[in-house]
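> Let me see the structure of the following:
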Amino acid sequence: MKITYTGRQVELAPAQLKKLEGRFAKIGILLDGRRECEAHVILSLERHLHHAEATIRYFNHQLVGLGSSNDLFTAIHSAAEKLEKQAVKARTKWRDTKRTPRKATSEVEGERPAETDIEPEPESGVERRVYRVNHHQKRKPMTLEEALLQMDKKRDYLVYRDAETDRTCVVVRRRDGDFDLVEA
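Numbering: from 1, shown residues only. Here you go, the predicted structure:
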């Protein structure tokens, strides 16, 4: 990663520059290890407080990390830490949204979208089918009440992500008509 420093009333020693390049190299690997990224770091000093602002352009997005502290390196590491979090978020957002393949119309007609993994059938002589769940679809977290509304009379169970706890939960319909809740 190519790093450009601008110091306002602050200068860094070569040993300090080498240490910071290692820190920003990690962010460069997080973003994309194959292409060269540029980072611009602005260091300033106001009275006794050091400010550090680091910006990286990642495709069409600008990632900015700000940090301030009494110590110069604490301010720079704080800015780099915020930049790391933004880099991970941007990278996962790009990876998760751009990777769904398009299907031909003939494939879509023959396939039945299902919410459950396995279709239960009481007869032992009939071949059982397994339906795969598309995990790349956008699914919002639900409350327990919304999950109960989603279950219709055909479904015996529903797997969902709880909105309050962000945990995976399973609602199972019992034979007497009540429901069991299994939380992961």
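> Rounded mean pLDDT for the helix or strand that contains residue 90, please.
Using DSSP states H and E, the element containing residue 90 is helix 72-97. Averaging pLDDT along helix 72-97 gives 84.
> so after the helix or strand where residue 18 lies, what's the next helix or strand?
For residue 18, the element it lies in under DSSP H and E is helix 14-32. Once helix 14-32 ends, the next helix or strand along the chain (criterion: DSSP H and E) is strand 38-46.
> Report the angle between that next one and helix 72-97.
With axes from the mean of the first three to the mean of the last three C-alpha atoms, to 10 degrees as the basis, strand 38-46 and helix 72-97 are set at 150 degrees to each other.
> I'd like the average pLDDT over strand 38-46.
The pLDDT scores in strand 38-46 average 87.
> List the contacts of the nearest residue to residue 179 once chain neighbours are set aside.
Distance criterion C-beta to C-beta, 6 or more residues apart in numbering; nearest residue to residue 179, sequence neighbours excluded, is residue 171 at 5.4 Å. (C-beta placed from N, C-alpha, C; glycine too.) Counting by C-beta atoms under 8 Å, 6 or more residues apart in numbering, residue 171 touches 144, 147, 148, 151, 157, 158, 160, 179, 180, 181, 182.
> and what of residue 144?
Per C-beta under 8 Å, 6+ apart, neighbours of residue 144: 162, 169, 171, 181.
> for residue 90, same thing?
31, 58, 61, 63.
> likewise residue 50?
10, 43, 44, 68, 69, 70, 71, 72, 74, 75.
> what do you get for residue 139?
Residues near residue 139 by C-beta under 8 Å, 6+ apart: 160, 161.
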